[in-house]
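Enquirer: Sequence first, predicted coordinates after that:
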Amino acid sequence: MHKVVTAGKAAQGIADGATIAIGGTGPVLEPDLVLAAIERRFLEQGLPRDLSLFCPMLPGDRPGEGGLNCFAHEGMTAKVIGASFSAKRHPALLKLFREEKVEGYMLGMGTAIQLLTAIGARKPGVFTKAGLGSFLDPRLEGGCVNRRSTRPPVRVERLDGQEYLYYPALAIDVAIIRATTADENGYLSMEEEPNTLGMAELALAAKASGGMVIAQVKRLARAGSLDPRLVKVPGPLVDQIVVHPEQTQLSRQMADPAQGWNPFLAGALKTPYEQFPAMELDAQKLILRRAALELRAGDVVNLGAGVATHLPRIALEEGILDQVIFTNEHGVFGGLMATASGGSFVPAYNADAIMDSSFQFNYYDGGGLDITFLGIGQLDAAGNINVSKFGNEWNGSGGFNNIVERTPRLVFCGTFSSGGLRLDIDGEGVRVLQEGRFGKLVPAVEQITLNAARALDKGQAVTYITERAVFALTGAGLTLIEVAPGIDVDRDIRAHLGFELAVSDELARMDSRIYRTARMGLVV
């Protein structure tokens, strides 16, 4: 019992200038009680100060409170290294970036997890090709978010005549992790959690650095009473246990109010697919239907955040869900992403396997994927993609760069424009009634998340799908290869571009089945 402390006591042990690694993403595995206690101590005592945060993911999904919001106070945080941020979730933190009051650096999510593994094994760092030629490359931006950020945690090195990004190991003073149950000796199980998200890697990195591990859990069990097959973090790695009986698996609206968790998302039960109705025929479904035409039987598929997370619903409608293997970067194999019911992108209903993030990114880096479907923030004439920065909003790339590095077929999905786009879908094609205020196809992207020239050099097949047209990456750059029935190339495409559009000599019509209310009769 000596490991059990209050959240306030745990917060008292964090020193000024500490480097803290924080687990969780969105509401999943967010150690909310501990983070709130650290914030409360700072607001009451002005301590701890000048913290450095290392965040492989994005803990917290409540705008303005919880998660990284707890550290968004001037003087409390000096530096943040992370894979992704959110203006919607963490507006105060991004405000500190904009005002040059905090250093900020981006790195790939997979690279961050691998760096924790390296730190835990006392290795010098991580060599990776993921991110070369992108904004993560120090020859471009090095992941720096503002002028104050002059010490990017990466440099370019050459090994055996090849270029790599090298991320040196850093010391982790405190790791803050979460689980479902702890026994009195600190062994942690995660039976109510939908993912594990590298919790063991965070803990091991802190212990190897001579640091401290704080674990938030829902309940405490007698020593030795946990099923050893369910233990995800062994007791010797855990220094302090904070019990939070009100801890919920996800956001409260997704959890069973009586239990605080959803067994269908934790893999404990399978839910009937009948509860998921066919999607409404709108711009999103048009894009997804065209994207589904890229699937091949047996494909191992990654789904990125955004519209692509709903692709399994199209596969379900078409009766091909069991013919491909959908995955996401958070460890899911199979099933439907929880976005199917309006929830988080992180977990899934009816998953076939839930692996840890460390496995998943090694699997991706090792070339395990056949195809990935990702979003479009900005797309330019060269075929470059930006999903990481828009004005003063730093989204970061999350797992994007690790996902695209070794995947042979890349498919980017998004509407041609956003902000008020209105369409007429008549069963045979589509007409644009009102163009969106924000065009996504631009002469040059604001930030390079995907370097198209590098993708072309590697021989990757890159396709860009919108509701009205399909483009491909060729030697001529972005090239129009398909146009929807009802769309005029000059009026509905060229007129909204600030660059000269290359058009394939074999320009085709998009499949008219995409625009009908009936099933497509898709076969892979």
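Expert: Structure's in. What do you need?
Enquirer: so where's the stretch 251-400 of the chain shaky on pLDDT?
Expert: Low-confidence segments of the stretch 251-400 of the chain, defined by pLDDT under 70, span residues 251-259.
Enquirer: can you pull out the helices in it?
Expert: Counting by DSSP state H, counting those that start in this stretch, the stretch 251-400 of the chain forms helices over residues 283-292, 311-317, 357-365, 400-405, given from the N-terminal end onward.
Enquirer: Please name the residues that touch the spatially closest residue to Gly414 that is not a sequence neighbour.
Expert: Taking C-beta to C-beta, 6 or more residues apart in numbering as the measure, Gly414 lies nearest to Ile376, with 3.1 Å between them; neighbours along the chain are not counted. Just so you know, the C-beta spots here come from the backbone N, C-alpha and C atoms, and that holds for glycine as well. Contacts for Ile376 were tallied using C-beta atoms under 8 Å, 6 or more residues apart in numbering; they are 385, 387, 412-414, 440, 464, 466.
Enquirer: what's the most distant pair in these?
Expert: The most widely separated members of the contacts of Ile376 are Val387 and Thr466, with 15.1 Å between them, by C-beta to C-beta.
Enquirer: tell me, how many neighbours does Asn451 end up with?
Expert: By the measure other C-beta atoms under 10 Å, the count of residues near Asn451 is 23.
Enquirer: correction: Thr150
Expert: Using other C-beta under 10 Å, Thr150 has 9 neighbouring residues.
Enquirer: now do the one 3 residues further on
Expert: The local packing of Pro153 (other C-beta under 10 Å) involves 21 other residues.
Enquirer: what's the distance between it and Gly67?
Expert: As defined by C-beta to C-beta, to the nearest Å, Pro153 lies at a distance of 22 Å from Gly67.
Enquirer: Check what pLDDT Ala15 gets.
Expert: The per-residue pLDDT reported for Ala15 equals 98.
Enquirer: Surely it and Ser52 touch.
Expert: No: when contacts are counted by C-beta atoms under 8 Å, Ala15 is not listed as touching Ser52 (11.7 Å).
Enquirer: who's more crowded, these two?
Expert: Neighbours were counted for Ala15 and for Ser52 using other C-beta under 10 Å; Ser52 has more, 20 against 14.
Enquirer: Under a three-state scheme, what state does that one occupy?
Expert: Judged by DSSP: H, G, I helix; E, B strand; the rest coil, the three-state class of Ser52 is strand.
Enquirer: Spit out the contact partners of it.
Expert: Applying C-beta under 8 Å, 6+ apart, we find Ser52 in contact with 17-20, 77-81.
Enquirer: The same query, at a cut-off of 10 Å, please.
Expert: Applying C-beta atoms under 10 Å, 6 or more residues apart in numbering, we find Ser52 in contact with 17-21, 77-81, 102-103, 170-173.
Enquirer: just Ala121 next, same as before
Expert: Under the criterion of C-beta under 10 Å, 6+ apart, the contact partners of Ala121 comprise 169, 201, 204-205, 208.
Enquirer: list the residues that contact both of Ala15 and Ser52?
Expert: Here Ala15 and Ser52 share the contacting residues Asp173, scored by C-beta under 10 Å, 6+ apart.
Enquirer: Can you list the low-confidence ranges for the stretch 1-150 of the chain?
Expert: Screening the stretch 1-150 of the chain residue by residue with the criterion pLDDT under 70, one finds the ranges 1.
Enquirer: which residues in it form strands?
Expert: Assigned by DSSP state E, counting those that start in this stretch, the stretch 1-150 of the chain shows strands spanning 19-22, 51-55, 77-82, 103-106, 125-128.
Enquirer: Now distance to Leu321 too, for those strands, in JSON lines please.
Expert: Formatted as JSON lines, the entries for the strands of the stretch 1-150 of the chain read as follows, by distance: least, C-beta to C-beta, whole Å:
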{"stretch": "strand 19-22", "distance to Leu321": "35"}
{"stretch": "strand 51-55", "distance to Leu321": "33"}
{"stretch": "strand 77-82", "distance to Leu321": "34"}
{"stretch": "strand 103-106", "distance to Leu321": "34"}
{"stretch": "strand 125-128", "distance to Leu321": "33"}
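Enquirer: Out of these, the one nearest Glu435 is which?
Expert: When the strands of the stretch 1-150 of the chain are compared for distance to Glu435 using C-beta to C-beta, the nearest one is strand 103-106, at 31.9 Å.
Enquirer: Distance of the residue sitting nearest the centre point of the chain relative to Arg290?
Expert: Centroid-nearest residue in the chain: Gly398, 4.4 Å away (criterion: C-alpha atoms, centre = their mean). Distance of Gly398 to Arg290, given as C-beta to C-beta: 24 Å.
Enquirer: Also Ala15?
Expert: Computed with C-beta to C-beta, the distance linking Ala15 and Arg290 is 54 Å.
Enquirer: Just say which of the helices of the stretch 251-400 of the chain is most tucked in.
Expert: Compared across these, helix 400-405 shows the largest average neighbour count, a mean of 28 (mean count of other C-beta atoms under 10 Å).
Enquirer: helix or strand right after that helix?
Expert: Following the chain from helix 400-405 toward its C-terminal end, the next helix or strand by DSSP states H and E is strand 409-413.
Enquirer: List of residues touching the next helix-or-strand element following that next one?
Expert: Along the chain past strand 409-413, the next helix or strand (assigned with DSSP H and E) turns out to be strand 417-418. Among residues not part of strand 417-418, those counted as contacts by C-beta under 10 Å, 6+ apart are 283, 376-377, 432, 434-441, 466-468, 496.
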